[in-house]
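> model this:
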Amino acid sequence: MRINRYIASSGLCSRRQADQLIREGRVRVNGQPASAGMSVEDGDRVTVDGQAVFPPPTDSRVVLAFNKPRGITSTSDPARQDNIIAYINYPRRIFTVGRLDRDSRGLILLTDDGDLAHRIMHSRFGHEKEYKVTLERGISEEFLQSIQAGVRILGRTTNPCKAWQTGEREFHIVLNQGLNRQIRRMTEALGYRVVDLVRVRIMNITLGSLPEGSYRELTFKEKRDLTELLEAKSVKD
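Got it, this is the predicted structure:
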């Protein structure tokens, strides 16, 4: 396992932050300064600032599914009274897997495994996320076709995607990229305004009947299937 992935999987920080720690000379492997890209083998001792770090065993990872209400911010910053970590108040150190806009609601994952978070979040892996979107007025066929084909926002055209109408003003959309406020920007570019945005699925994890403001731990099967999906995608890439 690469050194930055090893450190991230311990929950200490992200891969990018681990790379910075390595550059600063704060990481050692078996007492020797670590170098970027080096591999860590079973039995190696990794320390950061003199403190040993250990990735948790796969079966001990915390992975939570949380139904985020509006008004909660996807940050751990204690200066924000509406931060998601304080709201959940979980007894172990966890962090969000990606973000969900403050004005949006629905499924967001939290974990103590930095490597898992990286592999779910990173745009190059193209993992699916599904949303239910309600607009302020009726949806036209032209609108749906434009959404599916790709919309010009932020100086680029969004990837083609799946979208289908589920009500007069409601549709579902499945994205495999994560541009800033992507759905809201896409609909605005087509002359519509979002009045409600709910994420209902991330890969194989669904929101289901989880009450708003509540969380649950992923089942063993969900974690196993999630790991298999991630590994399959890594091999394919």
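
> chain neighbours aside, what residue packs nearest to residue 173?
Using C-beta to C-beta, 6 or more residues apart in numbering and skipping residues adjacent in sequence, the residue nearest residue 173 is residue 163, 4.4 Å away. For the C-beta atoms, the positions are set from N, CA and C on the backbone; glycine is no exception.

> what about the one you found, neighbour count?
Residue 163: 22 surrounding residues under other C-beta atoms under 10 Å.

> next: the one 3 residues further on.
By the measure other C-beta under 10 Å, the count of residues near residue 166 is 12.

> quick one on the thing from earlier: just confirm the residue nearest to residue 173 is within a helix.
No - Residue 163 is assigned strand when assessed by DSSP: H, G, I helix; E, B strand; the rest coil, not a helix.

> so it is in contact with residue 149, correct?
No - look at residue 163 against residue 149 with C-beta atoms under 8 Å: they stay out of range, at 9.9 Å.

> got the contact list for residue 166?
Applying C-beta atoms under 8 Å, 6 or more residues apart in numbering, we find residue 166 in contact with 132, 172.

> need the per-residue pLDDT for it.
pLDDT for residue 166: 97.

> before we move on, what about residue 43?
84.

> SS state for it?
What three-state DSSP gives for residue 43 is coil.

> with residue 143 instead?
When classified by three-state DSSP, residue 143 comes out as helix.

> burial check on it, number of neighbours?
Neighbours around residue 143, by other C-beta under 10 Å: 20.

> could you find the closest non-adjacent residue to it?
residue 190 (5.6 Å).

> now do the same contact list for the residue nearest to residue 173.
144, 147, 148, 171, 172, 173, 174.

> run through the protein and note the low-pLDDT ranges.
56-59, 123-125, 232-237 (pLDDT under 70).

> per the record, what domains does it have?
Per automatic domain parsing, the domain ranges recorded for the chain read 3-55, 59-123+204-236, 128-202.

> ok but residue 86 is inside a helix, no?
Yes - assessed by three-state DSSP, residue 86 belongs to a helix.

> can you give me the helices for the protein?
Applying DSSP state H to the chain gives helices spanning 3-9, 15-23, 84-88, 114-121, 141-149, 182-189, 220-236.

> identify the single longest strand in this protein, thanks.
Using DSSP state E to define each element, the chain has its longest strand at strand 194-202.

> for that one, name the packing helices and strands.
Judged by 3 or more C-beta pairs under 8 Å, 6 or more residues apart in numbering; DSSP states H and E, strand 194-202 is in contact with strand 105-111, strand 129-135, helix 182-189.

> which of those sits most buried?
strand 105-111 (a mean of 22; mean count of other C-beta atoms under 10 Å).

> what are the pairing partners of that strand, and which direction each?
Strand 105-111 pairs in its sheet with strand 63-68 (antiparallel), strand 95-97 (antiparallel), strand 194-202 (parallel), by DSSP bridges.
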